[in-house]
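**Q** Show me the folded form of this:
(one chain, ligands or ions: 1)
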Amino acid sequence: MNKYREFKEEVNLIAKAMGLQPTEIHIRKMKRKIASCSSKGRLTISTEVLEKPKEKRYEIIIHELLHLRYPNHGKLFKLVLRNYLEKLYEP
Ligand SMILES: [Zn+2]
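**A** Alright, predicted model coming up:
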């Protein structure tokens, strides 16, 4: 399995654990951002993210996946994100 497929698998696993389902996952070089989520549920993640350590990758993936539920960075988004990240860093 190549690293892109492996990474997509990782995104799918996290999405499933969160009860979310992106319509498509794209991995490509991005100039200004490291990830984005379209209103149609399409996730685009920069190839840069693959090189990051696991916890950082998860943080980026969870952040982006949450946009499937909350399109902005409002209070609720931040609260739910913090909740997920706390779980992630629990021993
Ligand atoms: Zn965001």
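
**Q** Backbone dihedrals for residue 29, please?
**A** Dihedral angles of residue 29 (phi, psi; degrees, to the nearest 10) stand at phi -70, psi 130.

**Q** so what does the least confident helix or strand in the chain by mean pLDDT touch, helix or strand wise?
**A** When the helices and strands of the chain are scored by mean pLDDT, DSSP states H and E, helix 75-89 comes last with a mean of 93. Contacts defined by 3 or more CB pairs under 8 Å, 6 or more residues apart in numbering; DSSP states H and E place helix 75-89 against helix 54-66. Where you see a C-beta, it was placed from the backbone N, CA and C, and this is true even at glycine.

**Q** Helix 75-89 and the helix it packs on, what's the angle between them?
**A** Between the axes of helix 54-66 and helix 75-89, defined by axes from the mean of the first three to the mean of the last three CA atoms, to 10 degrees, the angle is 150 degrees.

**Q** How far away from the center of its chain is the least confident helix or strand of the chain?
**A** How far helix 75-89 lies from its chain's middle: 13 Å, per CA atoms, centre = their mean, to the nearest Å.

**Q** Just the buried positions in that helix, please.
**A** Taking 16 or more other CB atoms under 10 Å as the neighbour-count basis, helix 75-89 is seen to contain the buried residues 77, 81, 84.
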